[in-house]
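Peer 1: model this:
(one chain, ligands or ions: 1)
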Amino acid sequence: MVLDPHTFMAKMEARMDFSTADKELLLSNANWGLEIASDMSDHFYSYMGRDPEMGVILNASEGRVHRLKETFVLWFHEMFTGMDNWGDEYADRRWKIGLVHVKIGIGPQHVVPAMATVVHEAGKRAIADGKSENLRDALGKICMIDLAFIEQAYIEVSSTAVLKETGWTEGLFRRLITTGAGAM
Ligand code: HEM
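Peer 2: Have a look, this model is predicted:
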């Protein structure tokens, strides 16, 4: 059940219809992406800081928010540059980001609204700066691909841990999930 980030990236690109035109548009706006990254980071962490659960996690260690604000800027800019044309390096980086969040215990209920904030704030800024709707679409797509990596990491890590601990087969595990869902 362990995920191959490269195959997953290709699947998400196809599923999201993340096209060459989207990539070209993001690349040609990479400087703008970097320009607004710091403001986006401020919005992001002040939003998270207002949530009691996320606020506790963010302030759990000295200097964490400061460090996170810097990593956010890099992450945000990478969505525009694509690192290696949104290839293996990009996929490996996104997978690692997913694993970091699973380790800290951050689940879908935290990550989905957080990514929605990014899409919303970046969209507002794009309109204010006179950017095209196509750019907003392209950015929305890559945000959703990044989100899929973080969400999938949560599922992959928890399923792998259960299988390892119990010795169950994947088939049995899936049947238990289906039965459990049916009983709810
Ligand atoms: C849109 C969703 C999110 C993105 C794009 C994002 C991005 C990142 C990135 C790039 C890193 C650095 C990973 C590394 O070390 O390689 C990171 C780490 C981290 N993130 Fe997030 N994050 C998101 C959501 C969240 C949420 C909802 C929380 C909840 C509080 C959170 C808390 C953290 C923490 C605590 C770390 C580790 C900080 C440390 O090194 O001490 N993140 N995140």
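Peer 1: Could I get the average pLDDT for the helix or strand where Arg175 lies?
Peer 2: For Arg175, the element it lies in under DSSP states H and E is helix 170-183. What helix 170-183 shows for mean pLDDT is 88.
Peer 1: packing partners for that helix?
Peer 2: Packed against helix 170-183, as judged by 3 or more C-beta pairs under 8 Å, 6 or more residues apart in numbering; DSSP states H and E, are the following elements: helix 133-166. C-beta: built from backbone N, CA, C; applies to glycine.
Peer 1: helices or strands next to the helix it packs on in the packing?
Peer 2: helix 5-16, helix 20-28, helix 64-81, helix 88-104, helix 108-128, helix 170-183.
Peer 1: Any buried residues in it, and which?
Peer 2: 135-136, 138-143, 145-154, 156-157, 159 (16 or more other C-beta atoms under 10 Å).
Peer 1: Could you tell me how far Ala30 is located from the ligand?
Peer 2: Here the distance between Ala30 and the ligand works out to 17 Å (C-beta to the nearest ligand atom, to the nearest Å).
Peer 1: any idea how far that residue is from Ser132?
Peer 2: 15 Å (C-beta to C-beta, to the nearest Å).
Peer 1: now Arg64
Peer 2: Distance of Arg64 to Ser132, given as C-beta to C-beta: 36 Å.
Peer 1: And for Phe173?
Peer 2: Phe173 sits 45 Å away from Ser132, taking C-beta to C-beta as the criterion.
Peer 1: what about the two, which has more around it?
Peer 2: Each of Phe173 and Ser132 has its neighbours counted (other C-beta atoms under 10 Å); Phe173 has more, 15 against 12.
Peer 1: Now for that one: which residues touch it?
Peer 2: Residues near Phe173 by C-beta atoms under 8 Å, 6 or more residues apart in numbering: Ser159, Val162, Leu163.
Peer 1: how about a cut-off of 6 Å?
Peer 2: Applying C-beta atoms under 6 Å, 6 or more residues apart in numbering, we find Phe173 in contact with no residue.
Peer 1: what about this structure, any weak spots by pLDDT?
Peer 2: 1 (pLDDT under 70).
Peer 1: near the ligand, which residues of it show up?
Peer 2: Neighbours of the ligand within the chain, by C-beta under 6 Å from any ligand atom: 48, 54, 57-58, 64, 67-68, 71-72, 75, 96-97, 100-101, 104, 106, 110-111, 114-115, 118.
Peer 1: does Leu34 really touch Trp75, like I thought?
Peer 2: No: using C-beta atoms under 6 Å, Leu34 is not in contact with Trp75; the gap is 11.8 Å.
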